[in-house]
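Asks: Need coordinates for the below:
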Amino acid sequence: MADLDDIRAWAARSIRILADDAARAEPTPLLPFPLPGDWGVSLLLKDESAHPTRTLKHRAARALFRHAIACGRIVEGTPVVEATGGGAAVAQAYTARLLGLPYTAVMPGEPDGRRAAPVRDLGGDVRFVTPPLAIYDEARRLAADSGGCFLDQFGWAERALDHRGDDLAGELFAQASRPDWVVAGAGTGATAASLGRHVREHGLSTRLAVVDPENSAYFPGWASGAADYATGMPSRIEGIGRPRMEPGFLPSLIDLMIRVPDAGSVAAARAVRAATGLPVGGSTGTCLWGALHLVSRMRDAGARGGVVAIIGDAGDRHLATYHDDGWAARKGLDPAPHAAAIDRFLHGAPWEPPAPRR
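Replies: Next up, the predicted model:
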């Protein structure tokens, strides 16, 4: 077994590497989303896809590794395993390479070279597992068999992601001063928790809205107060929505939740691309849909102020999914009525989304 001094020296060195990586990063930009000037309301998009891994999960990956190292769950040479199918795998593979650690992502579904390529390009390994919910047991098994660490973002991210000013929350409020609303999606729930804690710790008047796609347990769990609410159904919007209430989702920090139709998420993702050129995914679309709902409330009340929406999933791979009519049709989604509602609203009409499916 390694000497205790060596273990601690490696841990301190690795945490410095992560701190240096964070210090070198420029703040991610705030992009204006065009609204009519006479509304007196601004909408800004906090573009977390500007990170090297082009994902909101970039900061969370750094925080998870930092926390696991500080807790002794990761030491020099520890194989790291995660169960994830989205941007978290890419961000974690990047961080593992930075620290010289082997990394494996266990993804749901049949083998898919397109999904695996970004992780493998960063030196990580990918295993595909069916049925989808089996990824967690498989990740735990791989970690146990290799003497590794199951990173377990759903169990740890809320505790690991800092809210005291050296990560997303502090950066956002330094850039945007005091917006009326901040809008975020919920995957692990950690990003929303860090924003909510920052607001309360600093006594800000900003309110936190969390958007949730179809099939997810978060909205009904929040609305009903049922901490164990579960739908058992997977989300069609990559990166957000869960079939059960996760431990990192903290309803007490949330001022408002907005249920967003999946077709609305697709339409809004396309609206972001039209406005910014970024080929964003569905989680960004979900956030924009919720942000437009809040903008409409402010406009209709004659209030002046601002809304900031967190976005963080831009990538060319979405051109073949959320931005492709054939893909949407195969998923049973028709974004056209929702796109028309967005267009009418941005030209001054009331915010009147299509009626939900029954």
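Asks: and the gap between the spatially closest residue to T84 that is not a sequence neighbour and A25?
Replies: Excluding its sequence neighbours, the residue lying closest to T84 (CB to CB, 6 or more residues apart in numbering) is A105, at 5.9 Å. Every residue, glycine included, has its C-beta placed from N, CA and C. A105 is 23 Å from A25, where distance means CB to CB, to the nearest Å.
Asks: Please identify which of these two sits among more neighbours.
Replies: A105 (30 against 15; other CB atoms under 10 Å).
Asks: in what helix or strand does the more buried one lie?
Replies: strand 103-108 (DSSP states H and E).
Asks: Within the sheet, what are the partner strands of that strand, with directions?
Replies: Strand pairing for strand 103-108, determined by DSSP bridges: strand 80-83 (parallel), strand 125-129 (parallel).
Asks: To P350, which of those strands lies closest?
Replies: strand 80-83 (43.0 Å; CB to CB).
Asks: and the closest one, how far out from the chain's middle?
Replies: With CA atoms, centre = their mean, to the nearest Å as the basis, strand 80-83 stands 18 Å off its chain's centre.
Asks: count of residues packed around S49?
Replies: Residues near S49, counting by other CB under 10 Å: 22.
Asks: In space, what's closest to it - neighbours in sequence excluded?
Replies: A314 is the one closest to S49 (CB to CB, 6+ apart), at 3.7 Å.
Asks: got it, and I311?
Replies: Closest to I311 by CB to CB, 6+ apart is T284, at 4.0 Å.
Asks: Tell me the buried residues in the one helix or strand the one you found maps to?
Replies: T284 belongs to helix 282-300 when assigned by DSSP H and E. Going by neighbour count (16 or more other CB atoms under 10 Å), the buried part of helix 282-300 is 282-299.
Asks: Helices along the stretch 201-350 of the chain, start to end?
Replies: Remark: helices assigned in the stretch 201-350 of the chain by DSSP state H, counting those that start in this stretch are 218-224, 262-276, 282-300, 325-330, 336-346.
Asks: Quick check: mean pLDDT of the third one?
Replies: For helix 282-300, mean pLDDT is 98.
Asks: other SSEs contacting that helix?
Replies: strand 41-47, strand 181-185, strand 207-212, strand 256-259, helix 262-276, strand 305-311, helix 336-346 (3 or more CB pairs under 8 Å, 6 or more residues apart in numbering; DSSP states H and E).
Asks: now it against strand 207-212, angle please.
Replies: 130 degrees (axes from the mean of the first three to the mean of the last three CA atoms, to 10 degrees).
Asks: How far does helix 282-300 sit from its chain's centre?
Replies: 16 Å.
Asks: and the direction of it versus that of helix 262-276, what angle?
Replies: 80 degrees.
Asks: Same question for the last one.
Replies: Calculated by the same axes, to 10 degrees, helix 336-346 forms an angle of 50 degrees with helix 262-276.
Asks: so where's the chain uncertain?
Replies: 1-2, 163-166, 357-358 (pLDDT under 70).
Asks: Which parts of it belong to which domain?
Replies: What the record gives for the chain is the domain set 23-54+163-346, 56-158, from automatic domain parsing.
Asks: Can you tell me which of those is nearest to D5?
Replies: Judging those by CB to CB, what sits closest to D5 is domain 56-158, at 12.5 Å.
Asks: So for L43, what's the nearest residue that isn't a sequence neighbour?
Replies: Nearest to L43 is F33, by CB to CB, 6+ apart, at 4.3 Å.
Asks: residues near that neighbour, how many?
Replies: 20.
Asks: list the contacts for it?
Replies: Shown in contact with F33 (CB atoms under 8 Å, 6 or more residues apart in numbering): 43-45, 272, 275-276, 288, 291, 309.
Asks: That concludes my questions; thank you for your assistance.
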